[in-house]
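# pasting the sequence and the predicted model now:
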Amino acid sequence: MPAFLEKEARGVDYLVLWLDCDREGENICFEVIDSVKHVLAKPNDNRNIFRAHFSSITEQDIKRAMNNLGKPNKNESLSVDARQELDLRIGCAFTRYQTRFFQGKYGDLDCNLVSYGPCQTPTLSFCVDRMDKIKSFKPETYWYLDVELQHSKTGQSFNVKWSRNHLFDKDVVYMFYNDLKQSSSALVTNVNLQEKTKQRPIALNTVEMLRAASAGLGMSPIHAMQIAEKLYTQGYISYPRTETTTYAANFNFKEVLVQQTKSSSWGSIAQDLLNGNMVNPRKGVDQGDHPPITPTSFASPEQLPGDLWRLYEFITKHFLATVSRDCKYEELTITFKIKSEEFSCCGKNTIENGWTELMPWKQIDFKEIPNLKKGESVQIGHIKVLEKQTNPPDYLTESELIGLMEKNGIGTDASIPVHINNICERNYVKLERDRRLVPTNLGVVLVHGYQRIDPELCLPKMRSQVEEQLNLIALGKANYRDVLKHTLRIFEQKFHFFVQNVSLMDSLFEDSFSSLSATGKPMSRCGKCRRFMKLVLSKPQRLYCEYCKDTYNLPQNGTIKLYRELKCPLDDFELLINSINKNLNHPFCPYCFNNPPFDDMKKGDGCINCSHSTCTHAFNSNALSKCFECQNGLLILDSTTPPKFRVICNNKLCKLIIILPDTLIKADVSDDLCENCDAPMLNIVYHKDKTPLENGQTSTTACLFCDNNLKVSIENYLKLANKKINFDRKKFTHKHKSAGGRRKKRVVHKNW
């Protein structure tokens, strides 16, 4: 990307930066400037660098931004730099130490990382705190009077509520019961009819959108944010990352309403608002960032499929609701007396739906009670004593967690979904019914461990203080270097204290998880002690030798199998196969995978990337040519699952797989080179009943690129992948002929 930007900016006179108008966008502005400034027509003149500020991708907003260009804000960019560096350095230090310490001791953690994050961990702490309250909750028994009255004229029965609600003393409740049970009627002592309103919502910001998407639409916060970003980039809504809940004084309500009159669902409501029934929106909070989230153009369900439509529909209805009339309803409260005890009942009746017509789930629940007058007597149907118990709180929902994070200053409107997604993906919480977050054993142990060692590591207070300092940097009231240095010094001390006292957390892990030696199943022999190592299947997959006390990381994207008890010639470890799918199998040595034996190998490389000169599994023995697909890797013969043979690329980013004819029963790379293209030949053997060779011959030496029976495999790959690559074979092969024209034994280089 920097090279592309440099190419585009070379020699230009003016640079206008059109990035997202938030702090992260401001930070990207300066990354772009650093990449292209030296190739501008006037590299030392900052006067020709401008910043466009816009909140939606509409013609009007774009023109307004172009006519009011400003300058990029260095302070906001520095605040992002500070946050990124703090989160990276603090998170990496704790995560690396925790992961190595605990994954080296326990086999059933079921996570790839035992991570810590300055925002992620307090987020998890909210969930664990709620679980602790549920676990420590002790139900209490209480008793109350259940009274049913019956209107003599209409025969309608209805329940009334005791003014004392309930009591925890059974004897006292029965005392009242015995006093009242002989009564036959209740006296109406007061009838109060009030007209009330349910206020229309304030303008929509990011946090409220995420909460509504989770609670009402069943979308995860991270998914809702991705959908909102798509709607924004397609020009359907305004910028979806904002903390502001009040419309700008010059906001054009009429323009938005006119667009929405086209809707078959709410077009009539939009037209009614245009006809004079629109009210001024409630005053919210102006955070000085972006205007609230609103629709910017009309869309129909046919234009926006699935979740795109559902979120757009909510945003549009919410906007219309903010300028609609309040919901009005009557609340009738009737008070009764039975001897000296008071009881009451309440009924509700909607006068005007107002804004709730757009959101039926927000409408007032109708509850009918008899129309009684003061002084009237009502017959008692029954009086009972009922027994119940107090209930524990429920697990946090995503919506409740978002609210707690906002209240305690954990994360930003843009990062809140990411932190919630992280604790789910890292197996710290599980998403259960009604989108409730239930902590896993690992999540509980981590938080309780932090609370034992240093409670501040998981309390929101620490992060909110850091956020305050970052806000001061953005406002130019604090020095970037000073804040960075001060915060890192604090966490460095906390890290050392954590390491010294990690045994306090480890004791919790011992009680909750099994040691590596007690988990896993025997898989392959260790090259050091020649005893079987155990394959630990829980995340992350790894091998453990309980005799050497060594742990070996394994590939995480496939199924691990033993490779015919073959051994690595370098370290005597038994080879394994990582089976990614039915057409892709990579052999590797577990020791070399973790400890690359050659300088040109990287950690995590398998046999097809090993440059061993004689090993039959290394690329020197199996390479055919340079890859014509990616032009970076080598084409390797994969013979790990005979009689199925394939040609694959040893570049991890390349997806090339050429399936050789299924008539082959044997194939390996020959030392001879093709006379036409100088590619290594293949020694192949066909099935005797399916051989395409003349006179029923079954074995031959052929070139993958030149032999008619083999090169069809390349043609099939190109056809299946819908690719048209006219490659020059000689461009991708290496000549090794002697001056006399005799074939020489091939010599393969990594940079073929």
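Yep, it's here. Numbers count the residues shown, from 1 in each chain.
# residues contacting stretch 522-535, please?
Applying C-beta atoms under 8 Å, 6 or more residues apart in numbering, the contact partners of stretch 522-535 are 107, 516-517, 519-521, 541-548, 550, 552, 554, 560, 562, 567-568, 571-576, 590-591. Quick note: C-beta positions are derived from backbone N, CA and C, even for glycine.
# give the buried subset of those as a PyMOL selection command.
In PyMOL, a selection of the buried entries from the contacts of stretch 522-535 looks like this (16 or more other C-beta atoms under 10 Å):
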select buried, resi 107+516+519+520+541+542+543+544+545+546+550+552+554+560+568+573+574+575+576+590+591
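# show me the contacts of stretch 522-535 that map onto strands.
When the contacts of stretch 522-535 are checked against strands (DSSP state E), the matches are 521, 542-545, 550, 552, 560, 562, 567, 574-576.
# now those in TSV, with pLDDT?
Listed next are these as TSV, based on pLDDT from 0 to 100:
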residue	pLDDT
521	87
542	88
543	90
544	89
545	89
550	88
552	91
560	91
562	91
567	93
574	94
575	94
576	94
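# let me know the closest of these to residue 21.
The shortest approach to residue 21 among the ones in strands among the contacts of stretch 522-535 belongs to residue 542, at 45.3 Å (C-beta to C-beta).
# and the worst-scoring helix or strand of the chain on mean pLDDT, C-alpha only, in PDB?
Lowest by mean pLDDT, DSSP states H and E among the helices and strands of the chain is helix 2-9, with a mean of 83. Output in PDB follows, covering the C-alpha atoms of helix 2-9 (Å, rounded to 0.1, in the frame of the first residue of the first chain):
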ATOM      1  CA  PRO A   2       2.800   2.600   0.800                       C
ATOM      2  CA  ALA A   3       4.300   1.900  -2.600                       C
ATOM      3  CA  PHE A   4       1.000   2.300  -4.400                       C
ATOM      4  CA  LEU A   5       0.300   5.600  -2.500                       C
ATOM      5  CA  GLU A   6       3.800   6.800  -3.400                       C
ATOM      6  CA  LYS A   7       3.200   6.000  -7.000                       C
ATOM      7  CA  GLU A   8      -0.100   7.900  -7.100                       C
ATOM      8  CA  ALA A   9       1.200  10.900  -5.300                       C
END
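# after it, which helix or strand is next?
For helix 2-9, the following helix or strand on the C-terminal side (DSSP states H and E) is strand 15-17.
# ok, that next one: who's next to it in the sheet?
strand 49-51 (parallel) (DSSP bridges).
# helices and strands around the helix or strand following the strand it pairs with, which ones?
The element immediately downstream of strand 49-51 (helix or strand, assigned by DSSP H and E) is helix 59-67. Helices and strands touching helix 59-67, by 3 or more C-beta pairs under 8 Å, 6 or more residues apart in numbering; DSSP states H and E: there are none.
# quick check: closest non-adjacent residue to the one residue sitting closest to the centre of the chain.
Residue closest to the average C-alpha location in the chain (C-alpha atoms, centre = their mean): residue 421, at 3.7 Å. Counting by C-beta to C-beta, 6 or more residues apart in numbering, residue 421 lies nearest to residue 222, which is 4.1 Å off, once chain neighbours are set aside.
# tell me who's in contact with that neighbour.
The contact partners of residue 222, by C-beta under 8 Å, 6+ apart, come to 417, 418, 420, 421.
# which ones among those residues lie within helices?
Mapping these onto helices (DSSP state H) picks out 417, 418, 420, 421.
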